[in-house]
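>>> Based on what follows, work out the 3D shape:
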Amino acid sequence: MSTRTSIEVAVEGGRRATAAPAAPLIWKFGGTSVADHDRLRAVAERMVAAQRSGRGVVAVLSAMGKSTDHLVDEAYAMSSRPPLRELDALLSVGEAISCALASMAVAELGSHAVSLTGPQAGISTDDRHGNARLVGINPQRIRDALADGSIVLVTGFQGVGPDGDVTTLGRGGSDASAVAVAAALGVGECEIFTDVPAVFTADPRVVPDARRLSTIRHEEMLEMAEAGAAVLQPRSVELGLAHGVDIHLRSSFSTEQGTWIRHEGAGFEDGAEVAGIAHRRQESLYAVDGAGAAPVVAALAERAVTVGAIVPTDAGVRFSAPGADAHEVTAALEAVGLVAKVDEELGSVSVVSLGIARKPDIAVRALSALEADGITPRLVTSTPGRISVSVPSGQVDDAVRLLHRIFIPTAECASVSDLNAPADAA
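Here you go, the predicted structure:
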């Protein structure tokens, strides 16, 4: 079956005009969506059904379940400082397994799929192993496979550097792969299938009455993701914003609509006072004695670890590294002869609100409420879109519930622009 589908339209005089082919569907399936053979078969069935309805399908797949975590553990069991090139070579294997198995499942259903690694799919990156940045995509091989009637399966999370070596895009990088493929193919939408049904105003496992959002702007979603909302990789949202790709985050296990991350907002400087509350349960402060800020930041950058906050002390520096694996933090510093120790076990809670620098009352209300509830901030940082408070790890959930109750009215479903309306109007 060819995916070069077109729609015939009747015109005056009995002739028929042919409309442009429908754009292919660009889908991404996360690790839980392809966690085992049964789920891979379910993904294959969804793709084959879409193709038989007349749409081309390009699917970016993550590694199965927790296999990437297991590979990381294997690497650090072998070496306390595995070479980043070899670490990328190891970690890229998981997505290739998912795509090959999914292709076999498609074949069992009577259709055809071709699996492509990142390099085979034309995904090029810079040379920064472990956290490479996308340089470009030549989608010709993807287009050719679609034209031949194949479902195209692309390994997420990886590409090829300028020297021909495989590179990886950082934790959650399959999201970025999918949005980038959509942009390269000129498709304005990308659907991310995962184990959550939508984006919420807070993690519903922590805040049971968190509001489910029907839409949210790219800028707000980016701040939520940067602050710890694990539903999307921040870079994927950046790519969507930069290249005009709307993202539909939805469940792999149902057909219901999820949340659309879209460009259009409610209007000029309106919308919700607060878009959501995001958190990380682990965002520890590290301490390095006998070193200044510059060498610490430089050492971390060599292994693609980004510093969140850094505080000079008489003895050295204290710093946070949001989202970074502790293995990577210690390995980066050991490589230049520095020793990092966990100074304090902390987590973080963030209030997301675009233009928060012009809304000082939000910080006042947040900090006052936390202190009144016996939650003492250890560190406070801010960006143009959020204020983040570091608190003891054991108090993170309480802090999330408290701030959500203060800033976000509860209701069943909303878009961010609805959150200023009374709860019973949403």
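>>> Identify each buried residue in the helix or strand containing residue 26, please.
Under the criterion of DSSP states H and E, residue 26 resides in strand 25-29. Buried residues in strand 25-29, counting neighbours by 16 or more other C-beta atoms under 10 Å, are found at 25-29. (Each C-beta comes from the backbone N, C-alpha and C, glycine too.)
>>> from the residues you listed, which is closest to residue 388?
Residue 388 lies nearest to residue 28 out of the buried residues of strand 25-29, by C-beta to C-beta, at 27.7 Å.
>>> Identify the bridge partners of the closest one.
residue 60, residue 192 (DSSP bridges).
>>> per-residue pLDDT, it?
The per-residue pLDDT reported for residue 28 equals 98.
>>> before we move on, what about residue 155?
Residue 155 is given a pLDDT of 97.
>>> So it is in contact with residue 92, correct?
Yes: if you go by C-beta atoms under 8 Å, residue 155 and residue 92 touch, sitting 7.2 Å apart.
>>> Check the contact lists of the two and give me the overlap.
Common neighbours of residue 155 and residue 92 (criterion: C-beta atoms under 8 Å, 6 or more residues apart in numbering): 117-118.
>>> Those two: which has the busier surroundings?
The neighbour comparison of residue 155 against residue 92 (other C-beta atoms under 10 Å) goes to residue 155, with 30 against 23.
>>> tell me the contacts of the more buried one?
Contacts of residue 155 (C-beta under 8 Å, 6+ apart): 60-61, 92, 95-96, 98-99, 115-118, 121, 177.
>>> can you rerun that using 6 Å?
95-96, 99, 117-118 (C-beta atoms under 6 Å, 6 or more residues apart in numbering).
>>> One more: residue 391?
Going by C-beta under 6 Å, 6+ apart, residue 391 touches 375, 399.
>>> re earlier: now render the buried residues of strand 25-29 as TSV, adding distance to residue 171.
Formatted as TSV, the buried residues of strand 25-29 follow (distance: C-beta to C-beta, whole Å):
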residue	distance to residue 171
25	25
26	21
27	20
28	15
29	17
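>>> Could I get the CA-only coordinates of stretch 385-394 as CSV?
C-alpha atoms of stretch 385-394 as CSV (Å, rounded to 0.1, in the frame of the first residue of the first chain):
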residue,chain,number,x,y,z
GLY,A,385,8.9,32.5,33.9
ARG,A,386,9.1,31.0,37.4
ILE,A,387,10.2,31.2,40.9
SER,A,388,11.8,28.0,42.4
VAL,A,389,12.3,27.2,46.0
SER,A,390,14.6,24.6,47.4
VAL,A,391,13.2,22.8,50.4
PRO,A,392,14.0,19.5,52.3
SER,A,393,13.1,16.5,50.1
GLY,A,394,10.6,15.2,52.6
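>>> buried set for it?
Residues of stretch 385-394 classed as buried by neighbour count (16+ other C-beta under 10 Å): 385-393.
>>> swap in stretch 221-235?
221-229, 231-235.
>>> do stretch 32-41 as well
Here stretch 32-41 shows 32-35, 39-41 as buried, counting by 16+ other C-beta under 10 Å.
>>> just stretch 168-180 next, same as before
Here stretch 168-180 shows 168-180 as buried, counting by 16+ other C-beta under 10 Å.
>>> all helices in the protein, in order from the N-terminus.
Applying DSSP state H to the chain gives helices spanning 37-52, 67-78, 84-91, 93-108, 140-147, 173-185, 218-226, 234-243, 293-302, 326-334, 360-372, 396-407.
>>> If you count neighbours, what's buried in the fifth one?
Okay, so that is helix 140-147. Those would be 142-143, 145-146, for helix 140-147 by 16+ other C-beta under 10 Å.
>>> on that earlier part again, could the buried residues of stretch 168-180 be laid out in a markdown table, adding pLDDT and distance to residue 195?
As requested, the buried residues of stretch 168-180 are arranged in a markdown table below (pLDDT from 0 to 100; distance: C-beta to C-beta, whole Å):
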| residue | pLDDT | distance to residue 195 |
| --- | --- | --- |
| 168 | 96 | 22 |
| 169 | 94 | 20 |
| 170 | 89 | 20 |
| 171 | 86 | 16 |
| 172 | 89 | 13 |
| 173 | 93 | 18 |
| 174 | 95 | 14 |
| 175 | 96 | 14 |
| 176 | 96 | 19 |
| 177 | 97 | 18 |
| 178 | 97 | 16 |
| 179 | 98 | 19 |
| 180 | 97 | 23 |
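>>> Export the residues you listed to TSV and append columns for distance to residue 342.
TSV is the format used below for those (distance: C-beta to C-beta, whole Å):
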residue	distance to residue 342
168	26
169	27
170	22
171	20
172	24
173	27
174	30
175	29
176	30
177	33
178	35
179	34
180	35
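>>> of the residues you listed, closest to residue 133?
When these are compared against residue 133 (criterion: C-beta to C-beta), the nearest one is residue 169, at 7.8 Å.
>>> what's near enough to touch that closest one?
Residue 169 neighbours (C-beta under 6 Å, 6+ apart): 132, 157, 176.
>>> and of the residues you listed, the nearest to residue 339?
residue 132 (28.0 Å).
>>> for the stretch 201-350 of the chain, what spans make up the strands?
212-213, 215-217, 246-251, 259-262, 276-280, 285-289, 310-312, 316-320, 341-344, 346-352 (DSSP state E, counting those that start in this stretch).
>>> for the second one, packing partners?
On a contact count with 3 or more C-beta pairs under 6 Å, 6 or more residues apart in numbering; DSSP states H and E, strand 215-217 meets strand 259-262.
>>> give me that answer again for 10 Å
helix 218-226, helix 234-243, strand 246-251, strand 259-262 (3 or more C-beta pairs under 10 Å, 6 or more residues apart in numbering; DSSP states H and E).
>>> Neighbouring strands of it in the sheet, and parallel or not?
Partners of strand 215-217 in the sheet, by DSSP bridges, are strand 259-262 (parallel).
>>> Quick one: mean pLDDT for the partner strand?
Computed over strand 259-262, the average pLDDT equals 96.
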